[in-house]
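Q: Predicted coordinates and the sequence they were generated for:
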Amino acid sequence: MSGMAGGIGTMALSSLLGTTPTLPPRVKRIIFLFQSGGPSQMDLFDHKPNLQKIRDTDLPDSIRQGQRFTGMTATQSRFPIVPTLFNFARHGQSQTWVSDLLPHTAKIVDELCFIRTMKTEAINHDPAITFFQTGFQLAGRPSIGSWLSYGLGSENENLPAFIALISGTGGQPLYDRLWGSGFLPSKYQGVKFRSTKDPVLYLGNPEGVDAHTRRRMLDDVAQLNEMRFKDFGDPEIQTRIAQYEMAYKMQSSVPELTDLKSEPDHVFDLYGEDARQPGTYAYNCLLARRMSERGVRFVQLFHRGWDNHTELPEKIRIQCKDTDQASAALITDLKQRGMLDDTLVIWGGEFGRTVYCQGRLTADDYGRDHHPRCFTIWMAGGGIKSGLSYGSTDDFSYNILDKPVYVHDLHATILHQLGIDHTQLTYKFQGRHYRLTDVHGNVVHEILS
């Protein structure tokens with residue numbers, strides 16, 4: 001029984017290799033730093049200095065081009081243009097523009113590839129986040145981590161292939177389905193780690209049950225489940241067996257993974273003192289590095305609080321203080337350990353923010369609404385060109401001028417870097433072969449090294 005969990009990943013891989021033309025993989029693992037709420041590209045990365053000249057004038061109809069507004073701004077009498085309050089400067093050999101809100105990110109720009117022309121379909125949070133995680137705006141599809149778990153299995157039989165971590169407060173709720181397996185067998189769903197008490201629920205032995213008794217109980221239950229599987233052939237029975245076995249293995253692997261006492265002081269100096277505090281973004285970034293070292297295929301960090309409809313200058317300062325140092329530290333740490341070449345790191349949210357002000361515009365305060373038509377993410381690591389700014393937007397950071405990158409394109413590119421042709425990784429459900437990219441998606445070859 002002890003080899004069963006590892007065998008499942010092997011079966012998934014052999015099934016994939018048997019039906020799918022494989023590509024040379026550039027990376028082994030993914031860390032997705034998802035900034036939930038929609039960071040403002042204009043206040044962080046997309047420098048638009050000419051807006052200072054037209055501050056508090058109305059957004060031209062020629063720029064809006066009939067785009068629908070959300071219910072939060074649709075009733076405004078006007079849509080005044082608001083340039084950022086923050087200063088931008090060029091950094092690194094690449095001379096990349098970055099806001100002074102992100103001093104640590106500014107130091108590593110030559111390791112990053114900025115995609116300034118991300119574009120999505122959804123204008124509200126839940127469908128937009130669901131779209132980024134599953135390739136579809138409605139709930140029910142497998143998340144990207146589940147697709148990778150299904151396609152590639154795990155590198156470590158003692159840890160899940162897909163783990164989710166959550167930090168931050170406020171903003172939209174994050175549902176378990178965002179790291180769920182949808183219509184894939186549930187053995188491919190992500191495992192959420194908690195920041196308090198046991199990182200994974202029900203991992204410890206019940207009171208009065210020692211390890212030997214637990215092992216015997218699992219073996220007996222597995223035999224009963226095997227008998228039931230022979231009678232009914234339900235794959236979820238095998239999933240249950242594998243999950244029990246994984247939970248048993250995680251009893252020893254998870255405490256070692258989450259015990260940061262072995263990390264030297266210089267690592268905490270790199271990530272910041274918050275990295276000592278479970279549940280913070282910095283702690284989760286450091287934990288993501290440790291997970292990646294141990295062969296976790298896909299680590300998804302969700303950090304809430306970027307939904308700045310009002311009081312943006314104050315709130316975005318808080319978000320950047322919480323995330324900037326640790327995000328940059330993760331890239332630096334991976335590079336120092338020789339892991340950046342085979343790890344792909346992605347930073348970004350579900351959409352961007354508008355050039356026009358939501359609510360009252362004052363000399364030192366403003367808000368911004370949701371903006372799906374163009375926003376910025378960055379990528380770093382395995383096979384991605386470094387020191388690159390890809391694509392351009394108009395003078396209002398409102399429309400894409402060239403090189404749009406759709407969510408399906410991003411997914412196709414991620415799979416490509418893992419050695420998977422996105423058109424071939426499919427699963428038959430209700431009579432149709434589904435895939436993460438649905439019937440869309442093109443690999444963005446121009447950002448690949």
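A: Thanks, I have it.
Q: The one helix or strand Gln325 maps to: which residues count as buried?
A: Using DSSP states H and E, Gln325 sits in helix 312-336. Neighbour-count burial for helix 312-336, counted by 16 or more other CB atoms under 10 Å, picks out 312-313, 315-316, 319-320, 322-335. C-beta coordinates here come from the backbone N, C-alpha and C atoms, glycine included.
Q: And stretch 178-189, by the same measure?
A: Leu178, Trp179, Gly180, Ser181, Gly182, Leu184, Pro185, Lys187, Tyr188, Gln189.
Q: From these, pick the one nearest Asp58.
A: Proximity of the buried residues of stretch 178-189 to Asp58 (CB to CB) peaks at Leu178, which lies at 37.1 Å.
Q: following the worst-scoring helix or strand of the chain on mean pLDDT, which helix or strand shows up next?
A: None of the helices or strands of the chain scores lower by mean pLDDT, DSSP states H and E than helix 4-19, at a mean of 38. Sequence-wise, the next helix or strand downstream of helix 4-19 (DSSP H and E) is strand 29-35.
Q: next helix or strand past that following strand?
A: Following strand 29-35 in sequence, per DSSP H and E, is helix 41-44.
Q: can you dump the C-alpha coordinates of the helix or strand following that next one into CSV?
A: Downstream of helix 41-44, the next assigned helix or strand under DSSP H and E is helix 61-64. Extracted as CSV, the C-alpha positions of helix 61-64 are listed here (Å, rounded to 0.1, in the frame of the first residue of the first chain):
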residue,chain,number,x,y,z
ASP,A,61,-15.2,58.4,-25.7
SER,A,62,-12.6,57.5,-28.4
ILE,A,63,-10.6,55.7,-25.7
ARG,A,64,-13.4,54.1,-23.9
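Q: Buried residues of helix 61-64, list them for me.
A: Neighbour-count burial for helix 61-64 [16+ other CB under 10 Å]: Arg64.
Q: What sits closest to His104 if chain neighbours are left out?
A: Ala328 (3.8 Å; CB to CB, 6 or more residues apart in numbering).
Q: who touches the one you found in this structure?
A: His104, Thr105, Lys107, Ile108 (CB atoms under 8 Å, 6 or more residues apart in numbering).
Q: The third one: what's it in contact with?
A: For Lys107, the contacting residues are His91, Gly92, Ala328, by CB under 8 Å, 6+ apart.
Q: What segments of the stretch 251-400 of the chain are strands?
A: Ranges of strands within the stretch 251-400 of the chain are 298-303, 343-348, 352-357, 368-371, 375-381, 388-390, 392-393, 400-402, based on DSSP state E, counting those that start in this stretch.
Q: Serialize these to JSON lines and add fields for mean neighbour count.
A: Listed next are the strands of the stretch 251-400 of the chain as JSON lines, based on neighbours: other CB atoms under 10 Å:
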{"stretch": "strand 298-303", "mean neighbour count": "26"}
{"stretch": "strand 343-348", "mean neighbour count": "24"}
{"stretch": "strand 352-357", "mean neighbour count": "28"}
{"stretch": "strand 368-371", "mean neighbour count": "24"}
{"stretch": "strand 375-381", "mean neighbour count": "26"}
{"stretch": "strand 388-390", "mean neighbour count": "20"}
{"stretch": "strand 392-393", "mean neighbour count": "18"}
{"stretch": "strand 400-402", "mean neighbour count": "14"}
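Q: Dump these to TSV, plus distance to Phe429 and mean pLDDT.
A: Listed next are the strands of the stretch 251-400 of the chain as TSV, based on distance: least, CB to CB, whole Å; pLDDT from 0 to 100:
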stretch	distance to Phe429	mean pLDDT
strand 298-303	21	97
strand 343-348	27	98
strand 352-357	33	98
strand 368-371	31	98
strand 375-381	29	98
strand 388-390	34	98
strand 392-393	38	98
strand 400-402	33	98
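Q: Quick check: which of the ones you listed is nearest to Ser40?
A: Of the strands of the stretch 251-400 of the chain, nearest to Ser40 by CB to CB is strand 352-357, at 3.9 Å.
Q: Just list what the closest one packs against, helices and strands only.
A: Secondary-structure packing of strand 352-357 (3 or more CB pairs under 8 Å, 6 or more residues apart in numbering; DSSP states H and E): helix 41-44, strand 368-371, strand 375-381.
Q: Tell me the helices and strands packed up against the first one.
A: Packing partners of helix 41-44 (3+ CB pairs under 8 Å, 6+ apart): strand 96-99, helix 312-336, strand 352-357, strand 375-381.
Q: okay, the third one in PDB with CA atoms only?
A: Coordinates of each C-alpha in strand 352-357 appear next as PDB, following Å, rounded to 0.1, in the frame of the first residue of the first chain:
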ATOM      1  CA  GLY A 352      -6.200  45.800 -13.700                       C
ATOM      2  CA  ARG A 353      -7.700  49.100 -12.700                       C
ATOM      3  CA  THR A 354      -9.200  52.000 -14.600                       C
ATOM      4  CA  VAL A 355      -7.500  55.300 -15.600                       C
ATOM      5  CA  TYR A 356     -10.600  57.200 -14.400                       C
ATOM      6  CA  CYS A 357     -11.400  57.800 -10.800                       C
END
